[in-house]
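Asks: Here is a sequence together with a model predicted from it:
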Amino acid sequence: MIRKATLLLFCWFWTIPALAQFDLLLKGGHLIDPKNKINQRMDLAILDGKVAAVAPNLEATLARRAIDLKGLYVTPGLVDLHTHLFNTPGLAGVWAGDSSVSADAFSFRTGVTTMVDAGSAGWRNFEYFRHSVIDRARTRVLALINIVGFGMINDFAEQDKNDMKPEEVARLAQKHKDIVVGVKSAHYQGTDWTSVDRAIEAGKLARIPVMVDFGYFLPERPYWKLVTERLRPGDISTHMFRGPVPYVDETGKLYPYLRQAQARGVKFDVGHGGGSFVMRNAFPAIQQGFYPDSISTDLHAGSMNAGMMDMPTTMSKLLVMGMPLQEVILRSTWNPAQIIHRPDLGHLGVGTTADLSVWNLMEGDFGFADASGGKIQGNRRLFCELTLKDGRIAWDWNARGAVDYKTLEPMYGIRKGIDHIVRPR
Ligand SMILES: [Zn+2]
């Protein structure tokens, strides 16, 4: 009788860990969650892939596993609004296919959990893009559909007015509304507004924003008209710091049309890329308080191996130009999520999907290049140490999620009943 009671008592204690409230606890990090107005040291607990609790002090014993993040920043997983991901073997020989990168190969290691493909595919090949790339990625991939049929197959195809079909884009946007978040117009060389206007027509039909890469800057259709007259509130002007965009007058003062356009509700997106970011535009803009609504990369094989590199590098440039850290995080998380009408993303409120990133804000002497050979020096630089997607570790630079191998069972790393170690004679 006594023995049975002891046994029961033992079982009760033994099962306590299984009753842990949380799967994972991130302890001691400094949380920046602009949507929820948090900018302080906070613990964050995860259960079933969702944020389960956020509080100044949560006991480590409440979770099956706790990770110490003292000295590091915790933010929502980044939402990169401008990437190129149509990376399929079948598209060899065309530039968006050649230059596109694999989402999972570049996202998590740079703190990005959501990537928006900016019109690499058009309405003719979008469904192929979905099946061959989007549905196969662990990264959350969303997309803008290009107004021309085959998207960015080459610059020539993007000039074909007869292939710009608002109804087709809107039909697909409706059919794939779980992943289509906008329409893209890009690289147009004509002296008229056809590419922009057709994209806006599609945006109206599908009730989604339009992103314009203004491409070739021509006197017949000046940039200031695009942002102050043509685009609707909520539409996006990407490549905002591109060379031909007029920023400052002869005295160095910012042109008022930029703030007027932003006040109208037009969204200014960085879209750094391989040729769309010059310090001589970005620096005075940031210094005079004209901030991007969203920070994005225009990630492709060219830009990632040049001055752009990745989201942390692009964010660090704006940081060292004088933008406060919480503003940089806001414009890389909650702002882009709102721009694409996805309020479920870009923040860490209780109940949201646990997509988050952990950062080391390094101090030192760092050089940052723009897309045209310009350079600035800075003393801070963001470095991604840990990324969680759906509450699971997707990138772990410092092995915080692993344990000392000597504490594991003697023969760990062998699949029981499958692998056999055959010892040498
Ligand atoms: Zn692009």
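Replies: Perfect, I can see it now.

Asks: Setting the sequence-adjacent residues aside, check what's closest to Arg400.
Replies: Spatial nearest neighbour of Arg400, chain neighbours left out: Ile67 (4.9 Å); criterion: CB to CB, 6 or more residues apart in numbering. Where C-beta positions appear, they are placed from N, C-alpha and C, glycine not excepted.

Asks: Toward the C-terminus, what is the element adjacent to the helix or strand of the chain with the lowest mean pLDDT?
Replies: Across the helices and strands of the chain, mean pLDDT, DSSP states H and E gives its lowest value to helix 2-14, namely a mean of 45. Counting by DSSP states H and E, the next helix or strand C-terminal to helix 2-14 is strand 22-27.

Asks: Show me the contact partners of that following strand.
Replies: By CB atoms under 8 Å, 6 or more residues apart in numbering, the surrounding residues in contact with strand 22-27 are 43-48, 52-53, 58, 60, 62-70, 74, 356, 358, 391.

Asks: roughly how far out does that strand sit from the chain middle?
Replies: 24 Å (CA atoms, centre = their mean, to the nearest Å).

Asks: Renumber starting at 38 from here on
Replies: Got it, the first residue is 38 from now on, which makes the last one we talked about strand 59-64.

Asks: For that strand, C-alpha coordinates in PDB please.
Replies: C-alpha atoms of strand 59-64 as PDB (Å, rounded to 0.1, in the frame of the first residue of the first chain):
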ATOM      1  CA  PHE A  59       5.200  26.700 -22.900                       C
ATOM      2  CA  ASP A  60       7.300  25.000 -25.500                       C
ATOM      3  CA  LEU A  61      10.000  27.600 -25.600                       C
ATOM      4  CA  LEU A  62      10.900  30.700 -23.500                       C
ATOM      5  CA  LEU A  63      13.200  33.500 -24.800                       C
ATOM      6  CA  LYS A  64      14.600  35.100 -21.700                       C
END
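
Asks: what are the pairing partners of the helix or strand that comes right after it, and which direction each?
Replies: For strand 59-64, the following helix or strand on the C-terminal side (DSSP H and E) is strand 67-70. Strand 67-70 has the following strand partners under DSSP bridges: strand 75-78 (antiparallel), strand 110-113 (parallel).

Asks: most neighbours per residue, which of the ones you listed?
Replies: strand 110-113 (a mean of 26; mean count of other CB atoms under 10 Å).

Asks: Run through the bridge partners of whichever residue of the stretch 38-187 of the chain sits closest to the ion.
Replies: As assessed by CB to the ion, the ion sits closest to Ala155 within the stretch 38-187 of the chain, at 4.8 Å. Judged by DSSP bridges, the bridge partners of Ala155 are Leu181.
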